[in-house]
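1. coords please:
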Amino acid sequence: MKASTAKSSLGIAIATLIAILTTLTINVLSNFFPLQGANIGKISNTILQGVQITPANYAFAIWGLIYIGLIAYGVYQLRPNQRQDPTIQRVNTLLIVACIAQIVWVYLFTTKLFWLSVVAMLVILLALISAYLQLGVGKVRVMRDRQWLAHIPFSIYLGWISVASIVNIASALYISNWDGWGINGTYWTAIMLVIATVIAAIVAMQRADIAFTCVFIWAYIAIAIRQVDNPIIWITAVVGAIALGSLLVFSRNKPVKSIVD
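-> This is a model prediction of the structure:
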């Protein structure tokens, strides 16, 4: 490898780790020192408390797991063999984009610019989908370290951002006083849960991605708990969780193309 190429790959690897740590720092600071006096949790539990698809508060503890996984990936991709891997380099670029969009999202959401926060969230989602596909999660047999330090962290992150995107859009519609085209908010929530279940089911069937699917199950259980007084929502959420769990149990072995170090 040419010296300039090696230097470039090292620079991207370092930038990736810095992006991860910076995003974590911004998220932590936004909780303790919110820009307008209300952090993400407080906003969700006050002006957005009527958003019925929002999971119970405890569900957001998954961010701890997400950042543990991202930091593990950040260290993993610093290895010489990994930072020289073209796939990892492409994934790193996409992850940096996702991290920048995540920081922007925190600013927009905490300043109550909800529709602009949806745009930032969709950037995160698209970047993670692209990274997920680049890694070939569920399609390529990989060594154990890549599975645990790359595939699983991205599966969990993408799974939660997929759920968060739905919640974010629902929040923007709620704050805009959208009338739901005459359809009751409870029914819209149930419809969104069904659509999300179908999306997760496709991933479960095509890629047998346990981590990704379990994130949806985690979110659905939390939604059911938060909406325990609303039978339509909690029953839909529980049925969705059971359906996804069943797909994981009975899914076929994932297709194998090659072994990647």
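2. which residues in this structure form helices?
-> Assigned by DSSP state H, the chain shows helices spanning 3-32, 40-45, 62-76, 80-83, 86-110, 114-135, 144-146, 152-175, 185-207, 210-226, 231-250.
3. Of those helices, which is nearest residue 51?
-> Put simply, out of those the one that sits nearest residue 51 is helix 152-175, at 5.0 Å, with distance taken as CB to CB. For every residue, glycine as well, the C-beta is placed using N, CA and C.
4. Quick one: list the elements packing against the closest one.
-> Packing partners of helix 152-175 (3 or more CB pairs under 8 Å, 6 or more residues apart in numbering; DSSP states H and E): helix 62-76, helix 114-135, helix 185-207, helix 210-226.
5. Just tell me which of the ones you listed ends up closest to residue 23.
-> Shortest separation from residue 23 across these is recorded for helix 62-76, at 8.0 Å, computed as CB to CB.
6. Quick one: work out the angle between the closest one and helix 152-175.
-> Relative orientation of helix 62-76 and helix 152-175, computed by axes from the mean of the first three to the mean of the last three CA atoms, to 10 degrees: 140 degrees.
7. Just the mean pLDDT for helix 62-76, thanks.
-> Averaging pLDDT along helix 62-76 gives 98.
8. List of residues touching it?
-> Contacts to helix 62-76, defined as CB atoms under 8 Å, 6 or more residues apart in numbering, come from residues 16-17, 20-21, 24, 27, 82, 95, 145-146, 148-150, 152-154, 156-157, 160, 215, 218.
9. Pull out the buried positions in that helix.
-> Buried residues in helix 62-76, defined by neighbour count with 16 or more other CB atoms under 10 Å: 62-63, 65-67, 69-70, 72-74, 76.
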